[in-house]
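K.L.:
please work out how this folds:
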Amino acid sequence: MSVIDIASGKGKKKYTVVSLFAGAGGLDLGFENIGFEVVWANDIDKDACATHRKWSRAEVVQGDIGKIGFENIPSADIITGGFPCQGFSLAGPRKLDDKRNSLYKHFVKLVEEKQPYLFVAENVKGILTLGEGSILEAIIEDFSDKGIGYNVFPTLVNAANYGVPQDRWRVIMLGIRKDLNIEEYSFPKPLCKKVTLKQALKNIPEPKPADICQGAYSSRYMSRNRKRDWDQVSYTIPAMSKQVALHPSSPDMEKVGEDLWKFGKVGVTRRFSWQEAAAIQTFPKDMVFEGNLTSKYKQIGNAVPVKLAEVVAKDVKQILNKHFSQMKISKVGN
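P.N.:
Just a heads-up that it's a prediction; the model follows:
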């Protein structure tokens, strides 16, 4: 039954979501917490799909989205997706011809085929400047020109401003179908107070050694400070376990040269455990992640923080509720 039946006071109570590149489901959890229903989700990673199934009632399909027929994907009110961002990242090689940069096109094609009311796409900060902005322009043009078309509103946000205890800059792209007649959009204003590491980790028990990455610290790792204090927010939680920042109980790092730091000698130096990384990504404390330690860190680091997803979901819900409320008023008036 279409969500449009809300305008007449009949039908389902929840807006539906189809999720691409869903991973463990950080974005999906945020939408579910705000009252959406994720009905179908996809990721190529086996462990991430297994994790998603642990908490989700959605049909979770593992596989390459380019090889899944769209006839097997249900229609939904919203389509979401944090399409793979490695080709866009500021941290790694930024190649215009990186094949991973084209994966968003599957997202575009599904939006064109299913025509949801809105879509939400998430990506790294680097997408804004890749190819001097040409990649972002191409993405917006693709969404704008397909079918009915969408007005696309990209916003650079820091998750730390929205209840997430880490500095994590990401681009949130909200696409609104043009027949909803919304020409302007502003992302919600930042919250007044940030959540610190002390607040985020206060109920996380001391981890076992097996839950912490024990890998060697590379020259890349030692090229900058990796520790924040208890009263601060964390550095970005990455997908690579060896690059995870230090726990605030670790001794302060000391700068010894250009792009060269060393560990302090007083105390125990250790990375965040995967449970602590998950808490910083605002996953529920009882969240179960499948796979080995490296896979758990990867799933957590690749995710959209749940609290940031909730902010997006609230705004999307308000847009849809307002739209259908106006439709109902218009229908009564006629």
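K.L.:
go through stretch 220-231 and flag the buried ones.
P.N.:
221-222, 226-228 (16 or more other Cβ atoms under 10 Å). Quick note: C-beta positions are derived from backbone N, CA and C, even for glycine.
K.L.:
closest one to residue 180 out of these, please.
P.N.:
Using Cβ to Cβ, residue 228 comes nearest to residue 180 of the buried residues of stretch 220-231, at 41.2 Å.
K.L.:
list the contacts for the closest one?
P.N.:
Shown in contact with residue 228 (Cβ atoms under 8 Å, 6 or more residues apart in numbering): 197, 234-235, 245, 248.
K.L.:
next up, the contacts around residue 66.
P.N.:
103, 106.
K.L.:
do you know how far it is from residue 35?
P.N.:
Using Cβ to Cβ, to the nearest Å, residue 66 is found at 31 Å from residue 35.
K.L.:
if we can go back for a sec, most neighbours among the contacts of residue 228, please name it.
P.N.:
Greatest neighbour count in those, by other Cβ atoms under 10 Å, goes to residue 234: 28 neighbours.
K.L.:
touching, that residue and residue 197? I think so.
P.N.:
Yes - with contact defined as Cβ atoms under 8 Å, residue 234 counts as touching residue 197 (5.8 Å).
K.L.:
need the residues touching each of these two.
P.N.:
165, 228, 280.
K.L.:
in a markdown table, list the residues you listed along with distance to residue 240.
P.N.:
Formatted as a markdown table, these follow (distance: Cβ to Cβ, whole Å):
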| residue | distance to residue 240 |
| --- | --- |
| 165 | 20 |
| 228 | 18 |
| 280 | 15 |
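K.L.:
so which of those residues are in helices?
P.N.:
Using DSSP state H, the members of these that fall in helices are residue 280.
K.L.:
my guess is residue 29 meets residue 306, correct?
P.N.:
Yes - with contact defined as Cβ under 8 Å, residue 29 reaches residue 306; the gap is 4.9 Å.
K.L.:
overlap of the contact sets of the two?
P.N.:
The contact lists of residue 29 and residue 306 share 283-284, where a contact means Cβ under 8 Å, 6+ apart.
K.L.:
the strands in the stretch 1-150 of the chain, which residues?
P.N.:
Taking DSSP state E, counting those that start in this stretch as the test, the strands found in the stretch 1-150 of the chain are 16-20, 37-43, 59-62, 78-81, 118-124, 150-158.
K.L.:
deepest of those strands, which one?
P.N.:
Mean neighbour count (mean count of other Cβ atoms under 10 Å) peaks for strand 78-81 among those, with a mean of 27.
K.L.:
send the alpha carbons of it over as CSV?
P.N.:
Taking Å, rounded to 0.1, in the frame of the first residue of the first chain, the C-alpha atoms of strand 78-81 are listed here in CSV:
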residue,chain,number,x,y,z
ILE,A,78,12.9,6.4,0.7
ILE,A,79,16.0,5.0,-0.8
THR,A,80,19.2,5.4,1.2
GLY,A,81,22.8,4.6,0.6
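K.L.:
who does that strand pair up with?
P.N.:
strand 16-20 (parallel), strand 118-124 (parallel) (DSSP bridges).
K.L.:
which of those strands comes out lowest on mean pLDDT?
P.N.:
Note on the strands paired with strand 78-81: lowest mean pLDDT is at strand 118-124, with a mean of 94.
K.L.:
which residues touch it?
P.N.:
So strand 118-124 is contacted by 27, 77-83, 85, 88-90, 104, 107, 111, 143, 150, 169-177, 180, 304, 312, 316, 319-320 (Cβ under 8 Å, 6+ apart).
K.L.:
stretch 202-220 now?
P.N.:
241-244, 270-276, 279, 285, 293-294, 297.
K.L.:
which members of the residues you listed are classed as buried?
P.N.:
The buried subset of the contacts of stretch 202-220 - by 16+ other Cβ under 10 Å - is 241-244, 270-276, 279, 293-294, 297.
K.L.:
farthest pair within these?
P.N.:
Of all pairs in the buried ones among the contacts of stretch 202-220, the most separated under Cβ to Cβ is 242 and 279 at 19.8 Å.
K.L.:
helices or strands up against the least confident helix or strand in the chain by mean pLDDT?
P.N.:
Of all helical and strand segments in the chain, the minimum by mean pLDDT, DSSP states H and E falls on helix 134-145, at a mean of 82. Applying 3 or more Cβ pairs under 8 Å, 6 or more residues apart in numbering; DSSP states H and E, we find helix 134-145 packed against helix 104-114, strand 150-158, strand 169-177.
K.L.:
what's next to it, contact-wise?
P.N.:
By Cβ under 8 Å, 6+ apart, the list of residues contacting helix 134-145 reads 88, 96, 101, 104-105, 108, 111, 119, 127-128, 130, 149-152, 154, 171, 173, 175.
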